[in-house]
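**Student:** For reference, the sequence and a predicted model appear below.
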Amino acid sequence: MKNLIIFIAFTCFIIMYSKTVYCKEISITEALRNKMITIKVKSTAEHTGECLSVRMVNLKNTKLNIIIEAGRMFIPADSNVQNLIVVKRENIELAPNQIKTNKITAVCAQKEDAGPRQDLVFTTGNFGNNEAKKFAEWLDNKAYYNNSNTQNAMWTFTDNMAPEFSIYSEHDKEMLAYVATAKNLNYEKLLKKFTSTYNPPAKTRFTFTSTLNFTVSTPQVLKVVLCDKNNAVVKQCIASDTLALGPNSKSVVITNDDLENGKYYLKVFIDGKMITRREIDMR
């Protein structure tokens, strides 16, 4: 009898423990429909990369595992602004009643509409068309969401645009091959077109130096990145640096040693919010 009681108690412990540890994946739409979470989604003013900031509140007294799928659309409050389509699957784990903010990686999905502005509100939408959804899932699987060709490639599926590529690497060729196959186009012909038309200008030494001055009343996190013309991050100038109370001075030095000639954008973020953007012409 004693052994039976011990066995029953042990079994109950295992069941209780498994309930606290295991939590099935729930799509963001299912969680919203069943009133398990509330969310607030805003633009970060980026066109590609971490375009969206999602503040999520767990309304339940249990752990939740929320999935934002690659291919999921987010719809702006302003109809003149492009929809955004997720290209990197996110798995957001929430403790009971926890509030958490995450950045979501996406690209624009309507070429002729305006780009998203800072803090524009977005709502959760359905998936993109079948071709766009499959391409987003492919990008997620390959981790090619920060490739400089990703945005234009996505527009071939969302807007039926003709492909526009710059061939720098085997990854670029692989993406072009995917687009060519999906759109029933001649890959070899496209590869020749985009490879032969790329004639990089003679490279001269370029150095950009800037001193950033800040005065803060509370500790804040500084991030400085350099983006290309497609708003993809090409260099982390200051990845994450906490500004101390009072005056702060930070130096940024950028060279074109590992960059192609062209226009770039230096973006400065404080606590995740972009406070300034400067164009840099490396020619």
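**Tutor:** Thanks, I have it. This one's a predicted model, so the numbers in the text were calculated from it and none came from an experiment.
**Student:** Which helix or strand contains the residue nearest to residue 71 when sequence neighbours are not counted?
**Tutor:** Nearest residue to residue 71 in three dimensions, chain neighbours excluded: residue 133, at 3.5 Å (CB to CB, 6 or more residues apart in numbering). For every residue, glycine as well, the C-beta is placed using N, CA and C. Residue 133 belongs to helix 130-142 when assigned by DSSP states H and E.
**Student:** Next one, pLDDT for the most centrally placed residue in the chain please.
**Tutor:** Centroid-nearest residue in the chain, with CA atoms, centre = their mean: residue 105, separated by 1.6 Å. Residue 105 is assigned 95 on the pLDDT scale.
**Student:** so who does the closest residue to it other than its chain neighbours touch?
**Tutor:** Leaving aside its chain neighbours, residue 105 sits nearest to residue 88 (3.7 Å; criterion: CB to CB, 6+ apart). Taking CB atoms under 8 Å, 6 or more residues apart in numbering as the criterion, residue 88 is in contact with 70, 104-106, 139-140, 143, 145.
**Student:** Make a markdown table out of these and add distance to residue 230.
**Tutor:** Shown next, in a markdown table, are the contacts of residue 88 (distance: CB to CB, whole Å):
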| residue | distance to residue 230 |
| --- | --- |
| 70 | 19 |
| 104 | 18 |
| 105 | 14 |
| 106 | 13 |
| 139 | 14 |
| 140 | 18 |
| 143 | 17 |
| 145 | 12 |
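**Student:** could you flag which of those are buried?
**Tutor:** For those, a burial check counting by 16 or more other CB atoms under 10 Å picks out 70, 104-106, 139-140, 145.
**Student:** which one of those residues sits closest to residue 119?
**Tutor:** Residue 119 lies nearest to residue 104 out of those, by CB to CB, at 14.7 Å.
**Student:** quick one: buried residues of the helix or strand where the closest one lies?
**Tutor:** Using DSSP H and E, residue 104 sits in strand 99-108. The neighbour-count criterion (16+ other CB under 10 Å) identifies 103-108 as the buried residues of strand 99-108.
**Student:** rewinding a little: pretty sure the residue nearest to the centre of the chain is touching residue 144, no?
**Tutor:** No - counting by CB atoms under 8 Å, residue 105 sits too far from residue 144 to count as a contact (11.1 Å).
**Student:** Determine the next helix or strand in the C-terminal direction from the helix or strand containing residue 49.
**Tutor:** For residue 49, the host element (DSSP H and E) is strand 48-58. Using DSSP H and E, the helix or strand that follows strand 48-58 in sequence is strand 64-68.
**Student:** Parallel or antiparallel, list what pairs with that following strand.
**Tutor:** Strand 64-68 sits in its sheet next to strand 25-27 (parallel), strand 90-94 (antiparallel), going by DSSP bridges.
**Student:** Save those strands as CSV, and put in mean neighbour count and mean pLDDT too.
**Tutor:** Below are the strands paired with strand 64-68 laid out as CSV (neighbours: other CB atoms under 10 Å; pLDDT from 0 to 100):
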stretch, mean neighbour count, mean pLDDT
strand 25-27, 14, 94
strand 90-94, 17, 96
